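J.: Model the structure of this input:
(chains A and B)
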Amino acid sequence: MTAERKEFRWIGKRPVRPDGVDKVTGRAQFSADFNMPGQLIGKVLRSPHAHARIKSIDTSKAKALAGVKAVITGADFPSLPDEWVGAGRVEGNFKYFSENIIARDKVLYEGHTVAAVAAVSAAIAEEALSLIKVDYEVLPHVIDPVEAMAPDAPLLHEKMITRGMKTPPTKPSNVAKWAEFLMGDPVEGFKKADVIVERSYTTKAVHQGYIEPHAVAASTSADGQTVVWCSSQGQYQVRTWVSKIVGLPLSSIRVIPAEIGGGFGGKLIPYLEPLAVRMSRLTNRPVKITMSREDVFRATGPTSGAAMKIKVGATKDGKIVAAEGEFIFQAGAYPGSPFMNGLMCSFAPYAIPNVRTWGYDVVTNRPKAAAYRAPGSPIAAYAVESALDELAKKLNIHPVDLRLKNAIVEGTPSYFGPKFGSVGFVETLEALKKHPNYNIPLGPNQGRGFASGFWFNGGGESCATVNINDDGTASVIEGNPDIGGSRASMAIMAAEVLGIDYDKVRPIVGDTASLGFNHVTGGSRVTFATGMAVVRAAEDAVREMKERAAMLWDISPDAVTWEDGFARPAGDNAGKHEPLSLKQIAGQAAKTGGPICGHASLNAQAPGPGLGSHMVDVEVDPETGHVKILRYTASQDVGRAIHPSYVEGQMQGGVAQGIGWALNEEYIYDKNGRLENPGFLDYRMPVCSDLPFIDTIMIEKPVPSHPFGVRGVGEVPIVPPMAAVANAIHSAIGKRLTSLPMSPPKVRAAIDGDA
Amino acid sequence: MKAQQYEAPDSIDKAVALLAAAKGQARVLAGGTDLLIQMRVGRLSADTIVDIKCIAELRKISREDGGFKIGAAVSGAEADEHAELVAHWPGVVEGWELIGSTQIQGRATLAGNLCNASPAADGVPALIAAGAQVTIVGPNGSRKVPVEAIPTGPGRNSLAKGEFVTYFHLPKRPPHSSDAYLRLIPRTEMDIAVVGCAVNLTLDAGGTCTAASVALGAVAPTVVKVPDGAKALIGTKLDAAALDKLAAAASAACKPIDDKRGTVVYRTKIAGVLARRAALIAYERARKRA
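T.: Numbers count the residues shown, from 1 in each chain, chains lettered A, B, ... in the order given. The predicted structure is shown next:
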């Protein structure tokens, strides 16, 4: 706690979240909780093949079945142009988005949607699916990204030419895109190095594992107006996608956000919504579709698996002089892996004069990769932070000190863009060294590992409304689904500005018709950007209340100040007036000009990047290869913790997911390209007993562009864990595991020297 | 998931009659923790479900000839609360208790675990190491067979149409006897055995092993007994050489496959590791039992 902290009345406190009671009592309405009179049940027919040409689809028997109201295929959706929108690492292509939602001439992965039906009951819809006859020509498939790059690999997109190369190739391939970042001269740089580490690493595809499967209800009236209820990481994003993929004006679609049971990036894009909307428009009835867990695993986005080569060189004193990295990322069936994030985040935490990173976005017969918490960065960090650990051991320098010697600070140039602004990386490392866990003695077969991580954090478009009610309370309307306690943070910031109690502020997440556009809940942007909009909207309400007080007192608004929820005359010259409370001003709003509403809309710029440093102790069972996490400490620059419990929760959640990624999670395919573990039994996320209490250290280095210094916190905590665990295993058993997951068979094989 | 008919008879005779009279596919439901899941995902179907949980005598654990008689509808949670059973057969109970979560334990039965015939069933190796038998009833009356006669391969069992398991019978224990079950899972709970191993021992008053039985799960289509491993323990106090022989015998007895849960190489190594560890636990327990 800093001295500055005491100036705040609500920021930094830990009040109960506004959505908490409904969630713990089971009352909260998630996607699958919406039901309407006359509703049809939609079911989806999915490809049993990893790669096949659709020769024909016969839906006649399904359509003829009593109770079936609609059967759709790819032919029911418009063909979209093959064009890229957005730029660089966030670009997208609606032709591919649309074909991923429902296949056209080919299916590209097991689970790819081929058709959908809507019927009066789930049983009839299921029966209708079994009556759809699809004639497939099964094609050879490819699952591994390196194999997919081979010249004779089966082509997913037969005309795809690699983008991003100075000289475009003449022949099509599965490499959708190539990119490179270069600063300085790595070839010269490596000549100055006394020690060089060069190593290859692989990671497997992992799923976000949100507990709520995707679900949607869509209803279309006779006048063509459609309402969609669904959980997502952006109701506006759902509206845009439905508009483009179904071919409808934005104004005819209203998306009402449900509570969301986890997203982690995987609910940034819709899967079912265009299907439900299309069928509700065909039938003029509500259509509800829910995914099973198997559907979620087979057909929604995991993040990429990858193959990487890292080379780092340093002088004897531990100064890194050159670094190179090659990153092959598996995109799944359509282009768009987060490989560019990998290229940028990999060496981002370090001030290295000579850096070159390059990479490939490779399509494979798997579900299309979707965003997962700091997409791309954890994968790259596993490789780079493992290599740095090896470098530190070769140099005989403590891994934390090696990082300290090379850490970026404010003003360090990045190799992919502008100089870094406010960053608290050094502080995260120094805090680890001071933590009691740093000096706990280790026993036999135990090891301690360190790793750090970087994430850009996002800003972007947000708007918010603050309505002042005549009983002295306030309603905040924001446009971002609350996936991490953001309503509590919004209420805290509004209460701080308005000068009223937290309990008097009630935040809601509005639908697409209640506010202007809001960018998604993603990129760790919400508390920063939408928080900024809420602060500005509350300030707008305060400005209005000062004007109303000025009117009542008949003085200039400039002569009114706002303090602790009261309008006061600015000084003696303003005249003697009793302070007016927010409640008193609101109660007289009718006679001073009508309802008092503050509003703000903005495009938030200059988010502060997120940096974190982690320390983990493991114990390896040398006979079984089982790795037990003994203790875990995560240190992070959090800018300003508006609600510290939810900041800690983000840190702990990211670490928990990272430990799963490190130890057991992976997509396992059989030889036919079918997923063998589409369920939580064999897709092994950690259970409670797998994890220790995760200690957190919050460093508060406020971001200058935000009124309260907020920095995005939700993503960077998942970046370091895989490397931290790998480095700890190395410390415990003297073997370096270069392939995820570090499951018991792999660890035992490493101990036996079989790997 | 569709079933045309659900029956919950209150006697064994009625259950036998219902199964005999059922048209189409009839299935017995005890805890339902495998059956209902498999029906929901479409792996199994049933025209008639006969729930045996309402048959009072199948919900009891009782003493029989110095041993135990366990009804087929007793849940894991009930077994855990039976102090006498836990004292005599801690390995049998700890295998049973590993089946599923706390909620599943409220329903899951040993009979279901056995008849589901998963090679990785946690409840089965300790029963086989114990020399347990089951009573089967059906249209032709009742018969008693060893536990290992029931599973014949993954998902397959030897029960004839209309037959079901009614009781488990655990034999009388000599003094200084005990057992243990261990499994290897990648996580710490809520998982399926990559390898499971049960060891059942009897010692003399001086602590020398006089009888032993070793059984491995998840390393072959059905549970594998390791007679060479047992032989290696008899006449020893489980010294290092005996344990090495046991581990080698356990590894040699494995006929595993590579699958999503483990490799041949790994399963073979782990069988030896678990056999050694389970034997030591059983030995410690046996020494403490008069």
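J.: Skip the chain neighbours and tell me the closest residue to B:A279.
T.: Leaving aside its chain neighbours, B:A279 sits nearest to B:V199 (4.6 Å; criterion: C-beta to C-beta, 6 or more residues apart in numbering or on different chains). No exception for glycine: its C-beta is placed from N, CA and C like everyone else's.
J.: That neighbour and B:R277 touch, don't they?
T.: No - the criterion here is C-beta atoms under 8 Å, and B:V199 misses it with B:R277 at 9.1 Å.
J.: okay, those two: which has more neighbours?
T.: Higher neighbour count among B:V199 and B:R277: B:V199, with 35 against 19, using other C-beta atoms under 10 Å in any protein chain shown.
J.: According to the record, where do the domains of the chain fall?
T.: As the question left the chain open, I've gone with chain A. A:34-139+A:214-290, A:302-457+A:607-751, A:460-604 (automatic domain parsing).
J.: that's the wrong chain, I meant chain B
T.: Taken from automatic domain parsing, chain B resolves into B:5-51, B:56-170, B:177-288.
J.: Same list (those) but as TSV, adding mean pLDDT.
T.: Shown next, in TSV, are the domains of chain B (pLDDT from 0 to 100):
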stretch	mean pLDDT
domain B:5-51	93
domain B:56-170	96
domain B:177-288	97
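J.: how about the residues of chain B near chain A?
T.: B:2, B:41, B:184, B:186-192, B:194, B:260-263, B:265-266, B:269-270, B:273 (C-beta under 8 Å from any C-beta of the partner chain).
J.: where along the stretch 351-500 of chain A do the strands fall?
T.: A:354-363, A:446-455, A:460-468, A:474-478 (DSSP state E, counting those that start in this stretch).
J.: Of those strands, which is nearest A:P436?
T.: A:P436 sits nearest to strand A:446-455 of all the strands of the stretch 351-500 of chain A, at 13.2 Å, using C-beta to C-beta.
J.: Mind giving me the packing neighbours of that closest one?
T.: If you count contacts as 3 or more C-beta pairs under 8 Å, 6 or more residues apart in numbering or on different chains; DSSP states H and E, strand A:446-455 packs onto helix A:339-345, helix A:377-395, helix A:399-406, helix A:425-434, strand A:610-620, helix A:721-733.
J.: just to revisit the earlier point, save the domains of chain A as JSON lines, and put in mean neighbour count too.
T.: Below are the domains of chain A laid out as JSON lines (neighbours: other C-beta atoms under 10 Å in any protein chain shown):
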{"stretch": "domain A:34-139+A:214-290", "mean neighbour count": "20"}
{"stretch": "domain A:302-457+A:607-751", "mean neighbour count": "23"}
{"stretch": "domain A:460-604", "mean neighbour count": "21"}
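J.: Take the ones you listed and lay them out in TSV including distance to B:V145 and mean pLDDT.
T.: Output for those, formatted as TSV (distance: least, C-beta to C-beta, whole Å; pLDDT from 0 to 100):
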stretch	distance to B:V145	mean pLDDT
domain A:34-139+A:214-290	40	97
domain A:302-457+A:607-751	31	97
domain A:460-604	55	97
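J.: what would those domains look like in CSV with distance to B:G66?
T.: Shown next, in CSV, are those (distance: least, C-beta to C-beta, whole Å):
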stretch, distance to B:G66
domain A:34-139+A:214-290, 53
domain A:302-457+A:607-751, 37
domain A:460-604, 60
